[in-house]
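Chemist: Build the 3D model from these lines:
(chains A and B)
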Amino acid sequence: MSILELVRKARAAGDFSILSQGIPYMRTLAMQVHEANGVLTIELEATRMHTGNPWLPALHGGVIGGLLETAAIVQLAHDQDTDNLPKPINVTIDYLRSGRIEPTRARARVTKLGRRVANVQASCWQQDSDKPIATLVGHFLMS
Amino acid sequence: MTDEQLMQQLLAFRAQPENQSPHANFLGLEILDLERGRGWMRIPYHAGLAGNAGSGVLHGGVITTVLDATCGLSVISALARPATIATLDLRIDYLKPATPGEAITAAGHCYKVTRNVCFVRAQAYHDDPQDPIAHCAASFMITSEKTGEQRDEVETP
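Modeler: Modelled structure (predicted):
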């Protein structure tokens, strides 16, 4: 099934968890989409393969960036009208706390949805959503 | 020891899989070269890392990882002393989609080292550094010094 069909199907069924079928990166890195009361959360499984610094140990900054970017893209696919996946134009990631090898959750909010460009903010946390480990702000090309 | 010998020693150490991060090993990320304040890394293409099953274009997270790792490596080579570092922030411009099937090389340059913070820029490309896929500007915190030596500022060329 193409990504267009997946997005269409997800929207029709109100189930965005099927999107990961069209995003190989999500499956390889063990990320899942959960939806509760219309709010999407992306969960990154805790596995050793995500470790950046093995001595602390801490999550690799690249995995955290990938999780935040995925949250932004999935949220945009959820909010927009067209069926294709948006593409990142630029992203800024701030690393606030070191991430432990624990399940990590991310949520994104579309700040502005334009015809061609969207601005999105995303945040991820481990045990306490009031203590984010990293945040992202980025622009994405729609269509 | 000359700078070049020091870099060769650091390269030989960091090129060993057991001295790389588990995540770098998982993705097949490898170190290509090191100079004082500069680092080069490469990540092979893998269909399982695509952001879109239809197009096969690598996910932005993969580019983020190779750029973050290359920036960190450049900082380590600029410091050229045992220290632990952590990414403070990373800004990435995606200039064009990566070509499916092709490996990505990243070149980083730590152009300023201060007492607590290091500043880096990096580009990701396939073969030609003049035709980049992504550009990145980052800053890193020096989180700890593993030696008892006094911290001094290191200027990179």
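
Chemist: Check which helices and strands the helix or strand bottoming out on mean pLDDT in chain A is in contact with.
Modeler: Within chain A, no helix or strand scores below helix A:3-13, which has a mean of 82 by mean pLDDT, DSSP states H and E. Applying 3 or more C-beta pairs under 8 Å, 6 or more residues apart in numbering or on different chains; DSSP states H and E, one finds that helix A:3-13 contacts helix A:61-79. No exception for glycine: its C-beta is placed from N, CA and C like everyone else's.

Chemist: what inclination does the helix it packs on have with respect to helix A:3-13?
Modeler: Interaxial angle of helix A:61-79 relative to helix A:3-13 (axes from the mean of the first three to the mean of the last three C-alpha atoms, to 10 degrees): 60 degrees.

Chemist: Return the residues in contact with residue 105.
Modeler: This is for chain A. Residues counted as contacts of A:Arg105 (C-beta atoms under 8 Å, 6 or more residues apart in numbering or on different chains) are A:Thr41, A:Ile42, A:Glu43, A:Leu44, A:Cys124, A:Trp125, A:Gln126, A:Ser129.

Chemist: not quite, I wanted chain B
Modeler: Counting by C-beta under 8 Å, 6+ apart, B:Thr105 has contacts B:Leu32, B:Trp40, B:Met41, B:Arg42, B:Ala124, B:Tyr125, B:His126, B:Asp127.

Chemist: next one: A:Pro24
Modeler: B:Ala47, B:Gly48, B:Leu49, B:Ala50, B:Gly51, B:Ala53, B:His59.

Chemist: Please list which of the residues you listed are also close to chain A.
Modeler: With respect to chain A, and counting by C-beta under 8 Å from any C-beta of the partner chain, the subset of the contacts of A:Pro24 in contact is B:Ala47, B:Gly48, B:Leu49, B:Ala50, B:Gly51, B:Ala53, B:His59.

Chemist: Roughly how far does the fourth one sit from A:Leu85?
Modeler: Okay, so that is B:Ala50. According to C-beta to C-beta, to the nearest Å, B:Ala50 stands 11 Å off from A:Leu85.

Chemist: overlap in contacts of the two?
Modeler: A:Ile23.

Chemist: Okay, and the beta partners of residue 119?
Modeler: Just so you know, I chose chain A. Judged by DSSP bridges, the bridge partners of A:Asn119 are A:Lys112, A:His139.

Chemist: The chain in question should be chain B.
Modeler: For B:Phe119, the beta-bridge partners under DSSP bridges are B:Lys112, B:Ser139.

Chemist: can you list the residues of chain B near chain A?
Modeler: With C-beta under 8 Å from any C-beta as the criterion, chain B meets chain A at residues B:21-24, B:26, B:46-54, B:58-62, B:64-69, B:72, B:84, B:86-94, B:97.

Chemist: tell me the SS of A:Met49?
Modeler: helix (DSSP: H, G, I helix; E, B strand; the rest coil).

Chemist: quick one on the thing from earlier: emit the PyMOL select command for whichever of the ones next to chain A among the contacts of A:Pro24 are buried.
Modeler: Buried residues among the ones next to chain A among the contacts of A:Pro24 (16 or more other C-beta atoms under 10 Å in any protein chain shown), as a PyMOL selection:
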select buried, chain B and resi 49+50+51+53+59
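
Chemist: Restricted to strands, list the ones next to chain A among the contacts of A:Pro24.
Modeler: Taking DSSP state E, every one of the ones next to chain A among the contacts of A:Pro24 sits outside strands.

Chemist: low pLDDT regions in chain A?
Modeler: By pLDDT under 70, the low-scoring segments of chain A are A:1.

Chemist: circling back to that earlier point, give the single residue among the contacts of A:Pro24 positioned nearest to A:Ile133.
Modeler: A:Ile133 has its nearest neighbour among those in B:His59, at 19.9 Å by C-beta to C-beta.
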